[in-house]
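>>> model the structure of this input:
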Amino acid sequence: MPDKPPVVVVISADPRASHRANEAMRIGLGVAANDNDVVFVLAGPAAHLLDGDTDDLVDGDDIAKFRAAVKQLGVPFHVETTSIPDDPDWNSDGHEVIPIAREGIAELVRRGRRFLVF
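Residues are numbered from 1 along each chain as shown. Model prediction:
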């Protein structure tokens, strides 16, 4: 029996201004914890979910906790290429990051079994 296509979680909400980015990661983590393949996509300002300093992020402590759990599960973050910050402290925790163009994001969503967009 072939594997099921993944659940794609597309996050574009700015974690510096909204709780939505944190909630999206939390929900995606819950889906992944139930033995579902999950693809996280960070687009636009959502790339700041991987900022090294979480003090400027809404729910920064929770974000750090959820990022650690995602890393422990071995789930990479697909990050829109044009959204990757130049800040050397970005992704200081060393999460696996897969740069992806906007067209690639559309393809991931098309191939997904379900998708959540925040």
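>>> for the residue nearest the centre of the chain, give me its contacts.
The centroid of the chain falls nearest to Phe40 when counting by C-alpha atoms, centre = their mean (4.0 Å). Phe40 sits next to 9, 11, 25, 28, 70, 75-78 when contact means C-beta atoms under 8 Å, 6 or more residues apart in numbering. Placement of C-beta: from N, CA and C, glycine included.
>>> try 7 Å
9, 28, 70, 75, 77-78 (C-beta atoms under 7 Å, 6 or more residues apart in numbering).
>>> so for it, what's the pLDDT?
pLDDT, Phe40: 98.
>>> same deal with Met1?
Looking at Met1, the pLDDT reads 36.
>>> so where does Leu116 fall, helix or strand?
Assigned by DSSP states H and E, Leu116 falls within strand 114-117.
>>> now the strands for the chain?
Applying DSSP state E to the chain gives strands spanning 7-11, 38-42, 77-80, 97-100, 114-117.
>>> want to try CSV for the ones you listed, with distance to Arg20 as columns?
Converted to CSV, the strands of the chain look like this (distance: least, C-beta to C-beta, whole Å):
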stretch, distance to Arg20
strand 7-11, 8
strand 38-42, 13
strand 77-80, 17
strand 97-100, 21
strand 114-117, 10
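>>> which among those strands is found nearest to Phe66?
strand 38-42 (10.5 Å; C-beta to C-beta).
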